[in-house]
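Undergrad: what shape does this take:
(one chain, ligands or ions: 2)
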Amino acid sequence: MPSANPIAVVTGASSGIGAVYADRLARRGYDLVLVARRIDRLRHLADTLCATHGIKVRSIEADLTEEAGLVQVEELLHTDEGIALLVNNAGNGKLSSTADMSDADTAATIALNVVAPTRLARAVLPAFLRRHSGAIINIASVMAFHPLPITTLYSATKSYVLMFSRGLQGELANTGVRVQAVLPAGTATEFYDHAGIPLSAFDPAVVMTTENLVDAALAGFDKGEEVTLPSVHDVSLWDAYEQARSALFGATQVGTPAPRYV
Ligand SMILES: NC(=O)C1=CN([C@@H]2O[C@H](COP(=O)(O)OP(=O)(O)OC[C@H]3O[C@@H](n4cnc5c(N)ncnc54)[C@H](OP(=O)(O)O)[C@@H]3O)[C@@H](O)[C@H]2O)C=CC1
Ligand SMILES: CC(=O)[C@H](N)C(=O)O
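TA: Numbering: from 1, shown residues only. Ligands and ions are numbered 1, 2, ... in the order given. Below is the predicted model:
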């Protein structure tokens, strides 16, 4: 018997931001599909959320940097008509100079942060468009617009997520399908266990709790925001950034070299 609840697919649900998204979406009455490599954690979370909220939860053990893992989730997104929300959350990043990163880490970050959210969005979009409804939440980062010497590759991948989201928003206008880009700043998760720099190296005053992050991001989602910056108190800063970006683009469309280059 198919569930009456809308289904949310959350990637990277075995810890951190994804695990809190799973909890919050369960509270909102979503059935869940949880995706990550650590199936033991997924099953524990699934049992807890089922018991607490009376929802249905499926756990999928998948490495989203591998073709087989991606195909598993793509097939679900292609076929399960009950899916109403995709949270592209799984991500990683080594905080390191580009020259010092290994080829394996470089490939894994591009695969997980760029290829996976792209393929999963492409997998779910046809059904969303057919139904004129559905939403994709892409977890980017504030590093998308502010590269540091130790975040070059990571920032580039998150800038892709932001641009991919902004482009989709333009494509999907008036279709009933929504895309939200969420740009967290430092958030207290296991991300730093694998990043090469421990969370303890950061000023606690600038690190947000995962619960506060996700609750703020969902508040932005409920407001209909296209880009949500949970930690930015003065939203006029983003508005000014976007206006400057648009004005700069307009200034590129002139067809003649700028005088300073002549
Ligand atoms: N923490 C922060 O300061 C910030 C984080 N972000 C972004 O938030 C998102 C969530 O990260 P966060 O919660 O912080 O970190 P965590 O490390 O706690 O969570 C990362 C999640 O991604 C999953 N994951 C990692 N590698 C793979 C893989 N190869 N295949 C499938 N799933 C994988 C992990 O599960 P498993 O290991 O079980 O596979 C885990 O569930 C990321 O996109 C990150 O870039 C953005 C800004 C700030
Ligand atoms: C400091 C970081 O790289 C963090 N993951 C972020 O995206 O802000």
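Undergrad: what's the burial count for residue 224?
TA: 8 (other C-beta atoms under 10 Å). Every C-beta, even on glycine, is put in place using the N, C-alpha and C of the backbone.
Undergrad: same question but for residue 85, I mixed them up
TA: 22.
Undergrad: tell me how far it lies from ligand 1.
TA: 16 Å (C-beta to the nearest ligand atom, to the nearest Å).
Undergrad: need the residues that contact the helix or strand hosting residue 86.
TA: Per DSSP states H and E, residue 86 falls inside strand 83-88. With C-beta atoms under 8 Å, 6 or more residues apart in numbering as the test, strand 83-88 has contacts from 6-11, 18, 21, 25, 30, 33, 76-77, 116-117, 120-121, 124, 127, 133-139, 161.
Undergrad: buried subset of those?
TA: 6-11, 18, 21, 25, 30, 33, 76-77, 116-117, 120-121, 124, 127, 134-139, 161 (16 or more other C-beta atoms under 10 Å).
Undergrad: so which of these also contact ligand 1?
TA: Here is what survives when the buried ones among the contacts of strand 83-88 are matched to ligand 1 using C-beta under 6 Å from any ligand atom: 18, 139.
Undergrad: relative to ligand 1, which residue of the stretch 51-200 of the chain is the closest?
TA: residue 91 (2.1 Å; C-beta to the nearest ligand atom).
Undergrad: got the residues of the stretch 1-150 of the chain near ligand 2?
TA: 93, 141-143.
Undergrad: adding secondary structure and pLDDT, write those residues out as JSON lines.
TA: Conversion of these to JSON lines gives the following (DSSP: H, G, I helix; E, B strand; the rest coil; pLDDT from 0 to 100):
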{"residue": "93", "secondary structure": "coil", "pLDDT": "97"}
{"residue": "141", "secondary structure": "coil", "pLDDT": "98"}
{"residue": "142", "secondary structure": "helix", "pLDDT": "98"}
{"residue": "143", "secondary structure": "helix", "pLDDT": "98"}
